[in-house]
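[1] I'll drop the sequence and a predicted model, then ask my questions.
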Amino acid sequence: MAPYFRFDNSPVEAETHGSTLRGSSQFRFCTGKCQGKKPPEGGVEISPGKWWCGACWIDLARKRLAH
């Protein structure tokens with residue numbers, strides 16, 4: 001995202017609007033099937049140190065309901 005400027009030509013800092021801009025510390029590592037860094041919204045903490053993203057959690061729930 002390119003910086004924009006005010007009328008007096010001074011730079012304006014980028015505003016963070018929820019999930020639009022994230023720092024790397026705001027992601028969590030999924031210990032489920034995808035094994036990737038995901039935003040924490042919608043994820044589930046299985047046990048201390050084990051966290052699954054929403055997509056992996058839904059996949060697991062669908063498999064359990066199919067049996």
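    Cool, the structure landed. Just so it is clear, the structure is predicted and the values come from calculations on it, not from any experiment.
[2] mind checking the SS state of residue 46?
    strand (DSSP: H, G, I helix; E, B strand; the rest coil).
[3] How about the one 10 residues further on?
    Following three-state DSSP, we place residue 56 in the helix state.
[4] One more: the one 3 residues further on?
    At residue 59, secondary structure determined by three-state DSSP is helix.
[5] who's in contact with it?
    Residues in contact with residue 59, defined by C-beta atoms under 8 Å, 6 or more residues apart in numbering, are 32, 33. Heads up, the C-betas are built off the backbone N, CA and C, glycines and all.
[6] Look up the pLDDT of it for me, please.
    pLDDT, residue 59: 93.
[7] For it, give its distance to residue 30.
    Counting by C-beta to C-beta, to the nearest Å, the separation of residue 59 from residue 30 is 11 Å.
[8] just residue 52 next, same as before
    Look at residue 52 and residue 30: by C-beta to C-beta, they are 6 Å apart.
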